[in-house]
Structures are given as structure tokens and as C-alpha cells.
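Undergrad: sequence unknown, structure follows:
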């Protein structure tokens with residue numbers, strides 16, 4: 001396999017990242033609506049749309065902002081609208097969406113946890129998108145550091161590197177299986193999303209140690225620092241999520257069965 005891999009559709013030659021990112025989003029949205037039809041509305045429709053809009057806007061802003069903080073050199077060296085609009089991070093998108101949703105729910109007085117239905121759609125969307133990251137190679141900036149392990153991948157520069165994109169797909173598959181198993185038992189509303197976020201942020205904090213670092217503070221990149229901030233947000237819930245403390249909230253009757 002030669003990187004970057006190109007997709008040939010008749011006379012067209014496409015880079016794989018954008019089409020697979022769109023496909024991941026499409027599959028995630030389809031799965032979300034399928035799960036919502038099964039579960040019913042957790043909150044009134046008008047409030048659900050407001051929360052969803054906040055999640056989309058917050059994710060877009062957070063994704064861009066953390067990308068700039070993670071690697072500010074290109075923008076500072078050659079500031080342009082194109083550079084400002086390029087680049088995004090999953091961690092920034094997740095945390096930006098979370099912050100926007102919490103702010104909007106506080107503003108409209110909505111206390112119901114609404115994140116559980118997004119868990120499996122997010123996992124599907126991220127996993128499919130990571131296939132595009134892998135096929136894009138060095139240009140995507142999601143590859144790992146050099147390794148002598150037998151499964152190291154040469155993304156086109158003659159250096160065998162950790163295929164961290166594939167590591168993440170494998171992690172997400174295991175996480176989906178674990179969360180599907182956990183969702184088959186009574187679970188307080190909102191805890192499935194908290195479990196997903198804590199697990200994914202912990203994963204990114206760890207795996208980014210074997211990715212090329214850009215700007216760092218105390219030896220950690222901006223993405224890792226954001227992961228620590230997110231984990232600190234969920235820290236009060238971790239004893240309950242890990243089964244070290246019994247939940248006080250009643251189980252959610254609307255929580256859908258996990259997808260097969």
C-alpha cells in the first residue's frame with residue numbers, strides 16, 4: 001500500500017479523508033435516529049433541537065480552537081483564512097460540544113441528561129473517520145512516532161511508525177462492546193455518555209504520548225491538557241461509573257438496548 005491512498009471514481013481521483021469523514025457522519029446520524037425512534041424523546045422536541053444545535057456549534061468551535069492551540073506554528077507563521085479554517089481535533093469537538101450543551105441546558109433550565117443516545121453514533125462516526133485518517137498518511141497528522149515493532153507502517157517517508165489510527169479503531173471496537181454489555185443492565189440516565197467520554201479522553205491522553213508532539217506545556221500537548229481537563233470534569237462521577245459507589249439516581253427507562 002502506498003500513501004496517501006487515492007480513491008478513483010471514474011475520471012475522478014479523491015483523497016479518502018473527506019469522503020470517509022462524511023460517511024462516518026452519515027452512518028452516525030442514521031444510527032442516532034434509529035436509536036431515538038426506539039427510545040422515544042427524552043426531552044421535548046423543541047428543546048432537543050436547541051440542544052442539538054448547541055452541540056453542533058460547540059463541537060465546530062472547540063474542534064478548531066484546540067487544533068490551533070495544539071499546533072499554532074503554521075497559523076502564526078503564515079496567518080490566513082485558509083489555515084484558520086483548516087485542521088480540527090476530535091477531543092476539541094467532543095469537549096466543545098459538551099460545554100455548549102451544558103451551557104444551553106443551564107440557560108433553558110433543562111436538567112435531563114441527553115447524551116446517552118449519542119454514544120454509539122459517535123463511536124461509529126469516529127471509527128469510520130479514522131480509516132480516512134489512516135489512508136491519508138502523513139498529511140493528516142494523526143500518525144504515530146517511529147517504532148521497530150513488526151506492525152509499524154511506512155506512511156511514505158521511509159519511517160515505520162505506530163499506526164495510531166488503527167489502534168484507535170481497535171480501542172473503539174472494544175469500548176463499543178464494553179458499553180453495549182453495560183447498557184443491557186439498568187443504568188442511570190447520562191452514565192453511558194459519561195463512561196464513553198471518560199474512556200475516550202483517557203485513551204487519547206495515553207495514546208498521544210506516541211504521536212509527534214507540537215506545542216507542549218509540562219511535557220503535554222494541548223490535546224492532552226484538554227483530556228486532563230475533561231477527566232477532571234468527570235472525576236466526581238468516576239467512583240460510581242467504576243462501580244465503587246452505588247448510584248443514587250433511578251435507572252433510565254428510556255435507555256435503548258445496545259445495538260447488536
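TA: That came through fine. Given the structure is predicted, the values throughout are model-derived calculations rather than measurements.
Undergrad: show me this protein divided up by domain.
TA: Listed domain ranges for the chain are 1-42+115-260, 43-111 (source: automatic domain parsing).
Undergrad: which pLDDT value goes with residue 152?
TA: Listed pLDDT for residue 152 reads 96.
Undergrad: returning to what we had before: would you turn the domains of the chain into TSV with mean neighbour count?
TA: In this view, the C-beta of every residue, glycine as well, is placed from N, C-alpha and C. Shown next, in TSV, are the domains of the chain (neighbours: other CB atoms under 10 Å):
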stretch	mean neighbour count
domain 1-42+115-260	16
domain 43-111	17
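Undergrad: where does the stretch 1-150 of the chain dip in pLDDT?
TA: The model of the stretch 1-150 of the chain has pLDDT under 70 over residues 74-86.
Undergrad: which stretches in it count as helices?
TA: 17-39, 45-70, 73-77, 81-85, 90-108, 119-136 (DSSP state H, counting those that start in this stretch).
Undergrad: doesn't residue 57 make contact with residue 101?
TA: No: contact criterion CB atoms under 8 Å: residue 101 and residue 57 do not qualify, at 10.0 Å.
Undergrad: identify the spatial nearest neighbour of the residue positioned nearest the centre of the chain, chain neighbours not counted.
TA: Compute the mean C-alpha point of the chain, and by CA atoms, centre = their mean the closest residue is residue 90, 4.5 Å away. Using CB to CB, 6 or more residues apart in numbering and skipping the chain neighbours, the partner closest in space to residue 90 is residue 126 (6.2 Å).
Undergrad: pretty sure the residue nearest to the centre of the chain contacts residue 127?
TA: No: applying CB under 8 Å as the test, residue 90 and residue 127 come out as separate, 11.1 Å apart.
Undergrad: next one: the nearest residue to residue 73 once chain neighbours are set aside from residue 28, what distance?
TA: The spatial neighbour of residue 73 that comes closest, neighbours along the chain excluded (CB to CB, 6+ apart), is residue 214 at 7.0 Å. Distance, residue 214 to residue 28, using CB to CB, to the nearest Å: 28 Å.
Undergrad: and the helices of the stretch 1-150 of the chain: which comes nearest residue 189?
TA: helix 17-39 (10.4 Å; CB to CB).
Undergrad: and the angle for that closest one with helix 45-70?
TA: 150 degrees (axes from the mean of the first three to the mean of the last three CA atoms, to 10 degrees).
Undergrad: helix 17-39 packs against which elements?
TA: helix 119-136 (3 or more CB pairs under 8 Å, 6 or more residues apart in numbering; DSSP states H and E).
Undergrad: and the next helix or strand past the helix it packs on?
TA: Sequence-wise, the next helix or strand downstream of helix 119-136 (DSSP states H and E) is strand 153-154.
Undergrad: the helices of the stretch 1-150 of the chain: which one's closest to residue 155?
TA: So among these, helix 119-136 is nearest, using CB to CB, at 8.8 Å.
Undergrad: residues making contact with the closest one?
TA: Residues from elsewhere that reach helix 119-136 (CB atoms under 8 Å, 6 or more residues apart in numbering): 3-5, 15-21, 23-25, 27-29, 31-32, 35, 90, 94, 140, 142, 163, 165-166, 168-169, 172-173, 175-176, 179-180, 192-193, 196, 258-259.
Undergrad: from residue 228, how far off is the residue lying closest to residue 61 once chain neighbours are set aside?
TA: Spatial nearest neighbour of residue 61, excluding adjacent residues (CB to CB, 6+ apart): residue 96 at 5.3 Å. Remark: distance between residue 96 and residue 228 (CB to CB) = 16 Å.
Undergrad: likewise residue 172?
TA: Between residue 172 and residue 228 the computed distance is 21 Å (CB to CB).
Undergrad: and for residue 193?
TA: According to CB to CB, residue 193 stands 19 Å off from residue 228.
Undergrad: residue 39 contacts residue 117, correct?
TA: Yes: using CB under 8 Å, residue 39 is in contact with residue 117, at 6.3 Å.
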